[in-house]
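# My questions concern the predicted model and sequence given below.
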Amino acid sequence: MDILSLTAVELAKAIREGKTTAVEATQAVLDEIAAGEDTYHCYVTVEREKALKQAEEVQKKIEAGELTGPLAGVPFAIKDNMCTEGTLTTCSSKILENFIPTFSAEAVLNLEKAGAVILGKTNMDEFAMGSTTETSYYGVTRNPRNPEHVPGGSSGGSAAAVAAQECFAALGSDTGGSIRQPASYCGVVGMKPTYGTVSRYGLIAYGSSLDQIGPLTKDVTDCATVLETITSHDPKDSTSMKREDTDFTSALVADVKGMKIGIPRDYFGEGLDPEVRDAVLAAAEVLKAQGAEVEEFDLSLVDYAIPTYYTIAAAEASSNLERFDGVKYGYRAQDAEDLHTMYKRSRSQGFGPEVKRRIMLGSFVLSSGYYDAYYLKALRVKALIKKAFDEAFAKYDVILGPVAPTTAPKLGSSLADPIKMYLGDIYTISINLAGLPGISVPCGTDSQGLPIGMQLIGDCFKEKTLIRAAYTYEQSVK
Amino acid sequence: MEISMANVISDETIEYVGILAKLELSDEEKEAAKKDMGRMLDYIDKLGELDTTGVEPMSHVFPVQNVFREDVVTNGDESEQTLANAPGEKDNMFVVPRTFD
């Protein structure tokens, strides 16, 4: 049995049936990490000894009948912006180069309660600000489908680790597309749940009104299973929602008969690579052949999503990142004689250029005299964008489109022009503004062999509809 | 690429934003920031095309209320582990450079 090629759910089943063990699986994936990391660099930190020890404990509990769930014994990778007790958590930034959290993120604890083994922390764009994982202080991650290309971002390390079989599943976070876009670039499944579904406790905040944790997995079954496991109502996160319908795996049904799918014409205009367009439209045809009702419509306001997003995200980032001041944890500049100089130098030496760019923009749009014109204006447009989606979901169960305008760009080709890079987020970003769930499902490759992702967007709390549509597609093209 | 630069960011603005953001920028970084911020603001100005009269600013997508909980310690005394992360520590306190003369 080739352990590494199993999905997370298949692996857990094999462990339950005694065909392999959590320890054997962890050892196999650690060997794969040792072999692959020189090329791909998916991880900032690998916790070899800890993972093996955790696997031993989990295996004992499985054998004792204490752990019976669908993910017991499965080795996971965690994006490095989620706190993990006793394990370095850097956000891929110099400013957190030595930060060892005293607690774990609620989503990570939920995984551990279900018997997951934590392998380590994956590389990302610094503070999740970027679309390529190239803004990491710890070096770039390479796309396992073609190492000359980026894995996407900001959860690039998590997506690459799943694609390279350096874990069986991973957690990422999505503020403007940071799970769905790298999933698309690396040919894996990635989902951003409805805002408030997964606790943000222990997730180092970027844009708090937009951030959501979600799964990156090998297939839709794993995605639904991981989402079901990490979802919880958490009093420690004031935006955590109390939800009833969180049995997401019950939606793993291959049936879309009568499902109404809308294709926004505005998502297929200028800037979209023809190969991506053709692959996504072909995927829509597959769902149509399975009985879905597919039609085109005008979503409107698509061009306003990016300026709205960058205003709000930068504003929230400038506020959230105030805490990094060299006092209580992280990097401190050594040469400062007084407190304020210490703050300024620690931050200036500790943050990279993209983070500084967004903190400055955020400070500006929140400053007296510009707050109304920029920040409040963006919040008003956000309300209009939400309304446009509400109107669309009055007609459709699912909105279908591309995840990104192109396949993965080459390493080193994106950072020189920030606005051009931001434009790559055009199809993912409004979903965060409206709090909606979205899933990226692989739907083919381009002529260079690079993966293409289809994005399915649902109304708030309608993850099950997305899972059903994604699962139907996946089963149809198997 | 043609840059309209409707938003010409002055040296004073960059100085001011640097103070707000608590960042110490080199001259080179200041020049880059002026250019970057001008371009971003030009781009954001696109929002001005939309009439938002009478539209309430939406900070949260769901109509949620403030969530309160009792102010009680539930995680025990972690001061030792917490201080282990501190760049400077003495007698169970954080140490920082002098704050006044």
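Everything's here; your move. Numbering: from 1, shown residues only, chains lettered A, B, ... in the order given.
# would you list every one of the strands in the chain?
No chain was given, so I picked chain A. A:43-46, A:75-79, A:117-122, A:169-174, A:189-192, A:212-217, A:260-264, A:293-297, A:398-402, A:438-445, A:451-458 (DSSP state E).
# look at chain B instead
According to DSSP E, the strands that chain B contains are B:89-90, B:93-94.
# thinking again about what came up before, winner for burial among the strands of chain A?
Looking across the strands of chain A with neighbours counted as mean count of other Cβ atoms under 10 Å in any protein chain shown, the highest average goes to strand A:189-192: a mean of 32. Backbone N, C-alpha and C define where each C-beta goes, glycine included.
# Could you name the helices and strands sitting against that strand?
strand A:169-174, helix A:180-186, strand A:212-217, helix A:220-230, strand A:438-445, helix A:463-477 (3 or more Cβ pairs under 8 Å, 6 or more residues apart in numbering or on different chains; DSSP states H and E).
# Any chance of the strands of chain A in JSON lines with mean pLDDT as columns?
As requested, those are exported to JSON lines (pLDDT from 0 to 100):
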{"stretch": "strand A:43-46", "mean pLDDT": "98"}
{"stretch": "strand A:75-79", "mean pLDDT": "98"}
{"stretch": "strand A:117-122", "mean pLDDT": "98"}
{"stretch": "strand A:169-174", "mean pLDDT": "98"}
{"stretch": "strand A:189-192", "mean pLDDT": "98"}
{"stretch": "strand A:212-217", "mean pLDDT": "98"}
{"stretch": "strand A:260-264", "mean pLDDT": "98"}
{"stretch": "strand A:293-297", "mean pLDDT": "98"}
{"stretch": "strand A:398-402", "mean pLDDT": "98"}
{"stretch": "strand A:438-445", "mean pLDDT": "98"}
{"stretch": "strand A:451-458", "mean pLDDT": "98"}
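# residue closest to the middle of chain B?
In chain B, the C-alpha nearest the mean C-alpha coordinate belongs to B:Ala21, at 5.8 Å (Cα atoms, centre = their mean).
# that older thread, and the helices and strands packed on strand A:189-192: which comes nearest B:Met40?
helix A:180-186 (20.4 Å; Cβ to Cβ).
# about what we covered before: turn the strands of chain B into a markdown table, columns for mean pLDDT, mean neighbour count and distance to chain A.
Shown next, in a markdown table, are the strands of chain B (pLDDT from 0 to 100; neighbours: other Cβ atoms under 10 Å in any protein chain shown; distance: least, Cβ to the nearest Cβ, whole Å):
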| stretch | mean pLDDT | mean neighbour count | distance to chain A |
| --- | --- | --- | --- |
| strand B:89-90 | 94 | 12 | 10 |
| strand B:93-94 | 94 | 12 | 6 |
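# A:Ser238: which of these is closest?
That would be, of these and by Cβ to Cβ, strand B:93-94, which comes in at 26.6 Å.
# Name the residues that touch the closest one?
A:327-328, B:83, B:86, B:88 (Cβ atoms under 8 Å, 6 or more residues apart in numbering or on different chains).
# at 7 Å what do you get?
A:327-328, B:86, B:88 (Cβ atoms under 7 Å, 6 or more residues apart in numbering or on different chains).
# Quickly run through the sheet partners of that strand, with directions.
Here strand B:93-94 is paired, per DSSP bridges, with strand B:89-90 (antiparallel).
# from the chain's centre, how far out does the partner strand sit?
28 Å (Cα atoms, centre = their mean, to the nearest Å).
# ok and the residue in the stretch 51-200 of chain A nearest chain B?
Using Cβ to the nearest Cβ, the point where the stretch 51-200 of chain A gets nearest to chain B is A:Thr102, with a distance of 4.3 Å.
# And for the chain, the residue most distant from the center?
Picking chain A for this. A:Glu337 (40.8 Å).
# Chain B, not that one
Distance to centre of chain B, Cα atoms, centre = their mean, peaks at B:Asp91 (31.7 Å).
# near chain B, which residues of the stretch 351-478 of chain A show up?
Contact residues, the stretch 351-478 of chain A versus chain B (Cβ under 7 Å from any Cβ of the partner chain): A:356-357, A:359-361, A:363-364, A:367, A:374, A:376-384, A:386, A:418-419, A:434-435.
# do that again at 6 Å, thanks
For the stretch 351-478 of chain A, the contact set with chain B under Cβ under 6 Å from any Cβ of the partner chain comprises A:356-357, A:359-361, A:363-364, A:376-377, A:379-383, A:419, A:435.
# Neighbour count says what about these? Which are buried?
When these are checked for burial by 16 or more other Cβ atoms under 10 Å in any protein chain shown, the buried set is A:356-357, A:359-361, A:363-364, A:376-377, A:379-383, A:435.
# Cool, thanks, talk later.
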